[in-house]
Structures are given as C-alpha cells and as structure tokens.
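[1] the sequence and its predicted three-dimensional model are supplied below.
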2 protein chains.
Amino acid sequence: MTQGTTRSDSRTEATYLIETPQPVERVAEMIADEQSSGTFVDVPSETDALREHHAARIEATTELETVPEPSLPGSKPATDANTNDVSYTRAEVALSFPLENTGTSLPNLMTTVAGNLYELQPLSGIRLVDLDLPDEFAAENPGPQFGIEGTRELVDVHDRPIIGTIVKPNVGLSPADTAEVLEPVVDAGVDFVKDDELIASPPYSPVKERVEAVMDVVNRHEDETGDRVMYACNITGTVDEMLERHDAVKDAGGNCVMVSLQSVGLAAVQALREEADLPIHGHRNGWGALSRCPQLGFSYVAYQQFWRLAGVDHLHVSGLRNKFTESDESVIQSAKAVQRPIAFPDDVAMPVFSSGQWAAQAPDTYDALGNCDLMYLAGGGILGHPDGPAAGVAHLKQGWEAAMEGIPLEEYATDHDALSTALDYYEQ
Amino acid sequence: MTQGTTRSDSRTEATYLIETPQPVERVAEMIADEQSSGTFVDVPSETDALREHHAARIEATTELETVPEPSLPGSKPATDANTNDVSYTRAEVALSFPLENTGTSLPNLMTTVAGNLYELQPLSGIRLVDLDLPDEFAAENPGPQFGIEGTRELVDVHDRPIIGTIVKPNVGLSPADTAEVLEPVVDAGVDFVKDDELIASPPYSPVKERVEAVMDVVNRHEDETGDRVMYACNITGTVDEMLERHDAVKDAGGNCVMVSLQSVGLAAVQALREEADLPIHGHRNGWGALSRCPQLGFSYVAYQQFWRLAGVDHLHVSGLRNKFTESDESVIQSAKAVQRPIAFPDDVAMPVFSSGQWAAQAPDTYDALGNCDLMYLAGGGILGHPDGPAAGVAHLKQGWEAAMEGIPLEEYATDHDALSTALDYYEQ
C-alpha cells in the first residue's frame, strides 16, 4: 500500500473532553474509527493492514464525573443499554493520529482532529481541549514572522508590555476623521493602535486612504518624538483584497496588518502570510461560537496553535475581569498557551489583552504570566481617563511598573498622579 | 462624514435566538451597539450623527420562554437586578445593519453578524438563526458556478436525485488502490463518487496521481456505457495547493473538486471560486462545533448563505435518520434553505444528503422537499447490499422511483428485486 516513501513514526495527539451515555472505551474507539476509517457497515476491502497502519490510536482515557442530563441534544445510548436508567459520563480521551494521515497540512489537520467527530451519535459533548503536534508541523509551516521579539523591535519597547488602544468610535468614520480621532491618542504616547474589527475597507473608508491618513499622524509623531507607533490596519477581506491592502499599508509606511481570523479562515491567513512583510495581528471575533459551551468546540489552548502555525504574530486572548464572558482562569491559560513554543522558541506569538482593561488588572496579569511579553490594550482605560489620553497611557505604564516591581497599586499611586486619578475614577 | 458616494438604504437583517438574565430590549440594544459602535465608557467623538447613520437597528423582539438556569456560563444579570431571583429569558431578536457598514464583503459580513456578540456578558445564549441579505450580496459575489442545473447537465441526470457514494475505506489507500476500490462502484452505475473528507493530498496519495488513476476508471466506464460519472476529488489545502490541485483535476478530465469548507475558510473558498472551472463540492465537517448547542452558534439556514455566495455548488446537509446527531426537522430546514434563492434563481446550491442513507429515507425526503434536486449519497447502502454494488445503486434508484410516484416501498419492492433485498437486509 505504500508509495515507497519513508514512513514517519510521528503522531499528532489530540485530547478531548467528551460526555457520553455509552461506555467510554467503546466511544473512544468509535471516534478513532470515524476519524481514520469507518462506514456504517463493514465493506470488503477494509483490510487489517490498512487499519493498523493508519488507524487513530487511543492513548489514554480518564473517566470524570457522571451527570444525569446530556449537555447537548441528539446523543443516543448504546443499543444494548437499559434506557430507563441513562446517565452521561464525562471523560478525557487522548487519541493519536499518524502524521502520515494528514502530512503537515493545517486544513487537513483541522478536518482530522475537529471534523465530523462533533456530530457523532454517542456523544452528548465533545470539546478539543489540547493538541500535541509533532515538530514537523512547526518545521514545515511558516509560523509567526515577527512574534514577540520582532514586534518589540518594531516599536522599540523591550521591558514592559506594548501599550495600545483601539480606534473607537469607528463605524462611519472617514479616513480623515479616523486620523483626527487617532491623533491625540498617538500623541498620548501609546505604542500601538488598531482598527476595530468591524471596519476593514468599507465604502466610506477604503484601507488605502485610511492608512495614508493614519500614517501621516504616525510619521509626524515619530518625527517629533522618535517613537514609532505600530498601527494594525484591518485588511480583512478576500485573499486578493488582503494582499492588495497589505501592500497599500506597506507602501504607506505602515507596520502591521490586522485580520479577523475566523471571518477569512485558515487557508486565507496562510496565503497572506506567504506574501506578508508585516506582522499579522490576529483578531478572534466569533471565537465565542466555538468556545462558550464548555462541552463543545475548542479550548483556545488547542485552537490557537493553528493560527500560529499559519503565521499569525499577535493573538487576542481577552483580559482579566473583561467585559465579555470568559473566566480569568481561561484567559490566563490562553495567554500562556500563546507564549508556549509548539516546537521551537520562535514559534510563539504575542498575546493581546483587551476588553475592559486598565491598570487594575496589571498586577494579576503579571503575577499569573510571570512576564510582560504581551500587548495591553485599553479603550476607555485611555480615552476615558479624566485627565485626558496622555494621562490614560501614563496610568497604564505606571500600573505595569507597580506590577513588575511588586508594589501595590495604591502604594505606587501615592507619587504617580495618573495612576492615582485612575484608581479614584475607574473604581467608582 | 460621507465620501461623496451615494448611500444605499439596503440593510442586512440578522435574527438571533438569545437567552439573557437581563431585560430583552436593553440587551438587544447592547448587541446592536457592540456590533456597530461601542466601548466601555463614552468617548467624546462618538457623535449622534454617526450613530444614527451607521447604527444597527432593532427590527423586532419576541420574548419566548423563561428558564431557571443559564444555557451557557459567564453571563451576568443587570447591575440593578435582584440577584436572589435571576431567571433567563429566551427571545428572538431581529437586528438590521446598514449595507454601508460592510459593503458586500462576506468576511466583513461575518464579523458583523457573527463576531464579538457571542461573548457579550448579558447573554447566556446566542444563536444566529436567520439572515436576510439585501440583493447586493448576491449581485456582487459570484455565487455557485454550476448549482443544481449545471451539476445535472454534467452528469446528464435530470429527473431524479444524483446517486452517489463515498470512497471508503480511504485512509492509507494509494491512488492505484483507490481506483481499484472505485472501479466496481463506478461500474455499478452511480452518478457521483467523492473522496472522504479525511483524505486530500497526503503523502501516500497525492491529488494528481489519485485523480489520474480514478479518471482512468471513469473514462473507461464512459467509453463503455456513455455515462459520465462525477468524481469530487478532495483538494482541501492552502489556496495555492487548491488551485494547483484544481488544475490537476481539470487536466485529468475531472469534473468536480471537493473542499472541507471550515478547514480552509471563507476567503480561501472565494479565491478558489475565482479561478475554478469545476463545481465545488462543499463538505461541512466541523459544523457540529458551531451548531450542536441549541443556544449557541449558527443555524445552517443562516450559515450556508455565506458558502453559496462564496461560490459553493453542493452543500452537505446530513440526511434523514442519519448516523449523526442532527434531527430530521433540522436536516429538512437546511436542505430547503440551500435550495431557496438568496436573491436570484441561480444562486441556489444542490443539497447533499448523506450518512446512513438507503432507500428507506427516500419517501420522507421527497415528501418533505417536494423535489428531487439533491445528491443522495450512500456508503454501506451501496457497498453493503447483499447482491453487490450494482444492486445497491439499483435499490436507491428504485426507492426514489417509488417515492416520486407515491408508491409505498414495500409495494414497489414486490417487482423490484434490489429494493426488496435491501428492505429485508437493512431493516434487520
């Protein structure tokens, strides 16, 4: 059956949290079978040799709690079960797949570890919680072009988080108006500004015109201060549009492009990375649809690996005490995962903290991560500061100084006015 | 604020099923605000004029049942609520967005109707259940190149479903072995064969070699019978790989390419459609992750519109009494939606029924849809037939003849042996 090529022994290990009314071992076998070779009746040519060589393997099963009701509809108990007394067992199941089944193709890896298995009848829950990839994936996919170190170099910020903000409001703003909104923010001393995910290149603000208007502000600020602000211009669109917009950003002297990852998809990000000369800022809007049900979808620990291998440099992770629904524990797990090598030190991306962030979350964020290799974005935390955006930026820097020096914010605030004012104002 | 362009009054209407511990009207406003313009404190430049022109609008809210427990974790009651007595109200909420906010860009439409809103704190459930797009989307996106009529013409089947099967087993099969497995199936009289979603172009079966081997079988069969079988070759990969594989399929005389839609993403499918000369067979593996929680994600009625506008010709919809978890009601809603024009008669795609299908489901499928404009795929239903694959194909055709003539299967089976044998065998 082989093509004469050398077989690799490398395997992809995928760990799932499952829930099932059927015996866990049997269900693990069914998943393994479905994701390597299976149909609803045996067919003659399905040989033992093929099965053995290409079959997914059960590496471990750990039974967890039992619950009386199914988390998701549509599951069925085993045909030989007593249906008057059905309960649902949760378990962690680790499967492995031969690298040979997928090669190092990311789309085909996705189909294998996160395809039809979500709809299997014995399952009342299934979530991909972890992914342990053989090094071949990181070796043969491009990975982040800039990552943490490259991004730090572009803005020349090395010993603290990259402090940034979002252009808000945005929907309806012309390029000139966008530049006008951004001017005081850039002059306030941020390292980074980004477009909102809702505005890419709509009729009223084409990327080319917007990036030129914004870069005028960025360049003027650099001339005056020597500080180069990074502007992540939202280029989300078709592949051709993204490549064209990437070039427009580059031609205007821009230094970052932003993409709504799930809106364009994995292969489009791969195509962009292939041609890109700028860091790719990955926005994960839509992520909630894949993650909010605890018994379904993906953990970010697993999911973010696809985007990093495809070449994304910055990955959003929400933030502690965010205005959305993700728990602090999950946020920190995500950020740590984004900073953890898949196979090589330079395949890490920079986690982007945002949503309701101000100085208050800096100490806990630093304590949990143990480093400051992150972007820390604030909207109202900068623009809403009572003493203006420069004080807004200053209070964030002061909050991080306090965090990294292990000094309580209230104590540090006694001789740092911007922080002091922020503590009084935002804690109301 | 305008660019001097003519404004369109067209609006995209998105309907959500939500669940919330907060007042429904207020939550609808928050969603509308988040998806058009919002931050966590008011910022000075957020003007009334911008808001009015670009804001999402609440078109309708209909309160449904109240439930005592939240469907999803992470939601919070209103800050002024009595937290000792929280219940969760379900409601249908229709929002509309000005076309000007997104233009006719599909990725940006996705971000707008299915982006950050899944993580909003007042929501313990949110599902996009319907999408009513202005005609501009179908006018300015390519849509299916072949659709139902074009696909029928390629296989010259006009008055019944297109009968097909899946290459199983597949993982590990060399191109020569694939052709060997397919030969009896093609000779059995199917109209259509497709690769499994798990095999695209792995090291042991590159697309070029596989399609050449398979087309030898298809061509020989056509020479002998005059019948042209459609082979959907799985070309899933990066954009460059898909374009190269598409050309390899075309060069080998192939007449269809298959893509795992969610593994490559929307913009990659758009890029493929841009260059494609062959029908695109859309496999939706991974769909369960977006759909299985009834209070989260998408309905296929909404979701499939993105893929059709991007240019997919065939869309999987599972099947009645399938081996997966989707209800029959949902399957039929999906299939009807795929056949329903978005704006123009030729923007429809062909629904693909598969998973545990044999003649038994033909009558109910036909009754529910009222037409036979579909693909009807069977694996074991063909290969597992006791009298061989030719009898397997024959029994499916007979089952559909019976369904379309309104004759009960048992009655039709009295003088149709293949159907008769199948009824005895599969109903065990």
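    Nice, I can see it.
[2] sec struct for residue A:224, please.
    Secondary structure, DSSP: H, G, I helix; E, B strand; the rest coil: residue A:224 is helix.
[3] which SSE is residue A:127 in?
    Secondary structure from DSSP states H and E places residue A:127 in strand A:125-132.
[4] what is the helix or strand that that strand is followed by packed up against?
    Proceeding N to C from strand A:125-132, the next assigned helix or strand is helix A:135-140, under DSSP H and E. Helix A:135-140 sits against no helix or strand, with contacts defined as 3 or more C-beta pairs under 8 Å, 6 or more residues apart in numbering or on different chains; DSSP states H and E. Glycine gets a C-beta too; all of them are placed from N, C-alpha and C.
[5] give me the buried positions along stretch A:365-384.
    A:365-366, A:369, A:372-384 (16 or more other C-beta atoms under 10 Å in any protein chain shown).
[6] how near is the nearest residue to residue A:353 once chain neighbours are set aside to residue A:165?
    Closest residue in space to residue A:353, ignoring its immediate chain neighbours: residue A:319 at 4.0 Å, by C-beta to C-beta, 6 or more residues apart in numbering or on different chains. Taking C-beta to C-beta, to the nearest Å as the measure, residue A:319 and residue A:165 are separated by 13 Å.
[7] which residue of these two possesses the greater neighbour count?
    residue A:165 (29 against 26; other C-beta atoms under 10 Å in any protein chain shown).
[8] would you enumerate the residues in contact with that one?
    Shown in contact with residue A:165 (C-beta atoms under 8 Å, 6 or more residues apart in numbering or on different chains): A:185, A:190, A:192-194, A:377-379, A:382-383.
[9] now swap in residue A:10 and tell me
    A:98-99, A:134-136.
[10] one step back: so what does the strand holding residue A:127 touch, helix or strand wise?
    Strand A:125-132 packs on strand A:11-20, strand A:88-98, helix A:106-114, strand A:296-298, helix A:300-310, going by 3+ C-beta pairs under 8 Å, 6+ apart.
[11] which parts of that strand are buried?
    For strand A:125-132, a neighbour-count test (16+ other C-beta under 10 Å) marks A:125-131 as buried.
[12] ok, now stretch A:419-428?
    In stretch A:419-428, counting by 16+ other C-beta under 10 Å, buried: A:419-423, A:426.
[13] over to stretch A:230-249?
    A:230-239, A:241-249.
[14] next: stretch A:407-420.
    For stretch A:407-420, by 16+ other C-beta under 10 Å, it's A:409, A:412-413, A:416, A:418-420.
[15] beta partners of residue A:164?
    residue A:192, residue A:377 (DSSP bridges).
[16] from residue A:357, how far out is the residue nearest to residue A:353?
    5 Å.
[17] shared neighbours, those two?
    Common neighbours of residue A:319 and residue A:357 (C-beta under 8 Å, 6+ apart) are residue A:376.
[18] now stretch A:215-225: mean pLDDT?
    Taken as a whole, stretch A:215-225 carries a mean pLDDT of 97.
[19] neighbours around residue A:80, how many?
    Neighbour tally, residue A:80, other C-beta under 10 Å: 6.
[20] and the strands in the stretch 251-400 of chain A?
    A:257-260, A:280-283, A:296-298, A:314-316, A:350-353, A:375-377 (DSSP state E, counting those that start in this stretch).
[21] among the ones you listed, which is nearest residue A:333?
    Ranking the strands of the stretch 251-400 of chain A by their distance to residue A:333 (criterion: C-beta to C-beta) puts strand A:350-353 first, at 10.9 Å.
[22] hmm, residue A:97 is touching residue A:31, no?
    No: with contacts counted by C-beta atoms under 8 Å, residue A:97 stays clear of residue A:31, the gap being 11.0 Å.
[23] which neighbours do these two have in common?
    residue A:56.
[24] show me the domain layout of chain A.
    A:11-140, A:147-426 (automatic domain parsing).
[25] between those domains, which gets the lowest average pLDDT?
    domain A:11-140 - the lowest mean pLDDT of the domains of chain A, at a mean of 90.
[26] now do that domain: distance to the chain's middle.
    With C-alpha atoms, centre = their mean, to the nearest Å as the basis, domain A:11-140 stands 24 Å off its chain's centre.
[27] what residue in chain A comes nearest to chain B?
    Closest contact between chain A and chain B, by C-beta to the nearest C-beta, is at residue A:265 (0.8 Å).
[28] residues touching that residue, list them.
    For residue A:265, the contacting residues are B:262, B:264-269, by C-beta under 8 Å, 6+ apart.
[29] return the closest of those with respect to chain A.
    Closest to chain A, out of all of the contacts of residue A:265 and judged by C-beta to the nearest C-beta, is residue B:265, at 0.8 Å.
[30] chain neighbours aside, what residue packs nearest to the closest one?
    Nearest to residue B:265 is residue A:265, by C-beta to C-beta, 6+ apart, at 0.8 Å.
[31] how close does that neighbour get to residue B:270?
    10 Å.
[32] wait, residue A:371 sits on residue A:338?
    No: with contact defined as C-beta under 8 Å, residue A:371 does not reach residue A:338; the gap is 11.9 Å.
[33] contacts only, for the residue nearest to residue A:201 when sequence neighbours are not counted.
    Excluding its sequence neighbours, the residue lying closest to residue A:201 (C-beta to C-beta, 6+ apart) is residue A:207, at 4.3 Å. Shown in contact with residue A:207 (C-beta under 8 Å, 6+ apart): A:200-201, A:233-235, A:245, A:248-249.
[34] could you export these as a markdown table, including distance to residue A:351 and secondary structure?
    Output for the contacts of residue A:207, formatted as a markdown table (distance: C-beta to C-beta, whole Å; DSSP: H, G, I helix; E, B strand; the rest coil):
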| residue | distance to residue A:351 | secondary structure |
| --- | --- | --- |
| A:200 | 23 | coil |
| A:201 | 27 | coil |
| A:233 | 20 | strand |
| A:234 | 19 | strand |
| A:235 | 21 | coil |
| A:245 | 25 | helix |
| A:248 | 28 | helix |
| A:249 | 23 | helix |
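[35] and residue A:228, how many neighbours does it have?
    17.
[36] buried residues, stretch A:174-182. List them.
    Neighbour counts over stretch A:174-182 (16+ other C-beta under 10 Å) mark A:174-175, A:177-179, A:181-182 as buried.
[37] among the residues you listed, which are located in helices?
    When DSSP state H defines the helices, the subset of these inside them is A:175, A:177-179, A:181-182.
[38] out of the domains of chain A, which gets nearest to residue B:334?
    Of all those, domain A:11-140 comes closest under C-beta to C-beta, at 12.8 Å.
[39] and that closest one, how far apart are its ends?
    15 Å (C-alpha to C-alpha, to the nearest Å).
[40] same thing with stretch A:341-360?
    Distance across stretch A:341-360, first residue to last, is 29 Å (C-alpha to C-alpha).
[41] next: stretch A:162-170.
    For stretch A:162-170, the end-to-end distance is 22 Å (C-alpha to C-alpha).
[42] same question, stretch A:280-292
    25 Å.
[43] is chain B within reach of it?
    Yes: applying C-beta under 8 Å from any C-beta of the partner chain, one finds stretch A:280-292 touching chain B at A:285-290, A:292.
[44] for the buried residues of stretch A:174-182, give me a markdown table that also has distance to chain B.
    Shown next, in a markdown table, are the buried residues of stretch A:174-182 (distance: C-beta to the nearest C-beta, whole Å):
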| residue | distance to chain B |
| --- | --- |
| A:174 | 6 |
| A:175 | 9 |
| A:177 | 6 |
| A:178 | 10 |
| A:179 | 12 |
| A:181 | 5 |
| A:182 | 10 |
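[45] which SS class is the closest residue to residue A:156 other than its chain neighbours?
    With C-beta to C-beta, 6+ apart as the criterion, residue A:156 has its nearest non-adjacent residue at 6.7 Å, and that residue is residue A:228. Using three-state DSSP, the structure places residue A:228 in coil.
[46] please report phi then psi for residue A:228.
    The phi/psi pair for residue A:228 (degrees, to the nearest 10) reads phi -100, psi 110.
[47] was I right to think it contacts residue A:154?
    Yes: taking C-beta under 8 Å as the definition, residue A:228 is a contact partner of residue A:154 at 7.1 Å.
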